[in-house]
Structure formats: structure tokens, C-alpha cells
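Q: Build me a model:
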Amino acid sequence: MSDVILRVTDVHRVHGSGATAVHALAGVSLEVRSGELVAVMGPSGSGKSTLLNLAGALDLPTAGSVEIDGQSTSALRPADLAALRRRRVGVVFQDLNLIPSLTAAENIGLPLELDGRRVSEARRAAVGALHELGLDALADRYPDQMSGGQQQRVAIARALVTDPTLLLADEPTGDLDRVSAEEVLTLMDRLNTDLGKTIIMVTHDPRAGRRAHSIEYLDKG
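A: Next up, the predicted model:
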């Protein structure tokens, strides 16, 4: 059995059509194997976030193929694609997307509830994820009661609660001070080294690049 978790083959992504069409990606190929920590770098507007959206099955390619655990995202029915996204991929969004009216534990448990799990079961899993990351004290805090670094780590815990095959992070240190950024990168290191998580980070941060097993550069798609 192949240990390739993500295979992107000659992928193109075009937004719009005609004279106003934007070619976000033009013939990108990438393979990520189990246990790798990969950094995707490049200038703003080079297509990094578009690539991450395709890798997370949040979007589909205009041409070419994206396979997650051997499954082509373009070949799946919408319900099966949604299930793949919920169960196989964890995403840490650049703007975090934490819900202000929910506590840390409630935010973390939400993906499980959306997947049909009981609230009590989701809560136990959320508390377990917080404990795994050393964040027990944050369980009942709301996002506005946390620092930026704490919010980022809660977002990572939410992405991990479903035990995904692939963890994707979009600029995980982008809005953090140096100390908080270092804490988040150390956490990513531990998830990769100790827990064996396969991680792709889109980043401008050279410190993140130095921790990666490989760096993929994008420029103009």
C-alpha cells in the first residue's frame, strides 16, 4: 500500500472565465508522504492558499487531479467528499474561524457534532484534545478570553479532534508575536515527530520553513 497521503497531479485552478479569468494554479504537482512536514512558501498571490484549499477538499481543481488517501476528490459525490473532508483532513484556517459564542471545548467538539456524534461524546473528545496539547486550563474560556497564541493552539486542537490523516495550516504564525509563534511551531513539531501527523504549512515564516522536511515554492501559480 502506498504511503502517499496527498497526490496533486498537474493541477490547474481557474477562477472566473473569459477576459477576467484568474489562473490561480497552472500545472502544479506535489506528493506528500505519511509523516512528512512540508512547508509551502512563495510570494503573496502565488497560489499557496488555493493549493491548500484543494489539498483539503475545500475546493476542486479546474483540471488535473487531487487524491487524498488514494481517493480522487473530483470523483466523489458531494456527500462522500464532505465525509472525506470531515474525517481525513484537519484544517487550521488563517483567520482561525473560532466561534466567539462557544468555549474552547465547544469549538473543538463542533466538528464531531457536525459528523453526528453526541454532544457528551464530543465534549469528552475535546477535553482530551486540549489535555493532549497541554491546554486543559482553556476548556471553558471563550476566544476573547485567550491570547492570539492560545487561540491558534485551540484551532489546532479543533483540527486534530477527528484524528485526521492530513493536517493543513494556513499561515499558522502569521499574526503572532515571536514567542507565541515559536510555541505554535514547537507544537507543530511535536505533532509531527511524536504523534506522526502529516502536516502541510503554508507560511511566509522562515523559521517554519527551517523545521520542515521539505519546502515547496510557488510563484505565479
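Q: State which helix of this protein is the longest.
A: helix 178-193 (DSSP state H).
Q: what's next to it, contact-wise?
A: Residues from elsewhere that reach helix 178-193 (Cβ atoms under 8 Å, 6 or more residues apart in numbering): 35, 37, 133, 147-149, 152-153, 156, 160, 167, 169, 172-173, 176, 197-199, 201, 205, 207-208, 211. For the C-beta atoms, the positions are set from N, CA and C on the backbone; glycine is no exception.
Q: Now a ChimeraX select for only the buried ones of the residues you listed.
A: Selecting only the buried entries of those in ChimeraX, with 16 or more other Cβ atoms under 10 Å as the criterion:
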select :37,133,149,152,153,156,160,167,169,172,173,176,197,198,199,201,205,208,211
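Q: From the contacts of helix 178-193, which land in helices?
A: Applying DSSP H to the contacts of helix 178-193, the entries found in helices are 148, 149, 152, 153, 156, 160, 207, 208, 211.
Q: CSV for the residues you listed, including distance to residue 100?
A: Converted to CSV, these look like this (distance: Cβ to Cβ, whole Å):
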residue, distance to residue 100
148, 14
149, 18
152, 16
153, 17
156, 18
160, 21
207, 30
208, 27
211, 31
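Q: nearest to residue 62, of the residues you listed?
A: Set against residue 62, the nearest of the ones in helices among the contacts of helix 178-193 by Cβ to Cβ is residue 208 (28.9 Å).
Q: my guess is the closest one contacts residue 174, does it?
A: No. Counting by Cβ atoms under 8 Å, residue 208 stays clear of residue 174, with 9.9 Å between them.
Q: can you pull out the strands in this protein?
A: For the chain, the strands defined by DSSP state E cover 4-15, 22-33, 37-41, 63-68, 71-72, 89-92, 166-170, 198-202, 214-217.
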